[in-house]
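[1] the following block contains a protein sequence and its predicted model.
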Amino acid sequence: MSHITWEVPFCGEGNNCFRIGTDTAGNAYIAVNGAEDHHLTDTREALRALIRDIKAGKADHLL
């Protein structure tokens, strides 16, 4: 398995923190801060699409 480089946690109110990471093999990871061993994995392109969609408001109904 490739080494994952984790970004600084993104935190909401309280302790709701998520981390995004990448590796040199082109994978992207999302995990709850402190539970990085239990991450979701997909491609960097899938992560880009997710971020673009969130920024475009496609997840606003979840707020």
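    Looks like it arrived, so ask away.
[2] ok now the lowest-mean-pLDDT helix or strand in the chain, how far from the chain's centre?
    Across the helices and strands of the chain, mean pLDDT, DSSP states H and E gives its lowest value to strand 10-11, namely a mean of 90. Mean-position distance between strand 10-11 and its chain equals 10 Å (C-alpha atoms, centre = their mean, to the nearest Å).
[3] check which helices and strands it sits against.
    Applying 3 or more C-beta pairs under 8 Å, 6 or more residues apart in numbering; DSSP states H and E, we find strand 10-11 packed against strand 17-22. Bear in mind the C-beta positions are built from the backbone N, C-alpha and C, glycine included.
[4] which elements pack onto the helix or strand hosting I51?
    Using DSSP states H and E, I51 maps to helix 44-55. Here helix 44-55 touches strand 17-22, strand 27-32, going by 3+ C-beta pairs under 8 Å, 6+ apart.
[5] give me the phi and psi for the residue lying farthest from the centre of the chain.
    Largest separation from the mean C-alpha position in the chain: H61, at 19.2 Å (C-alpha atoms, centre = their mean). For H61, the backbone dihedrals (degrees, to the nearest 10) come out as phi -70, psi -10.
[6] sounds good, over and out.
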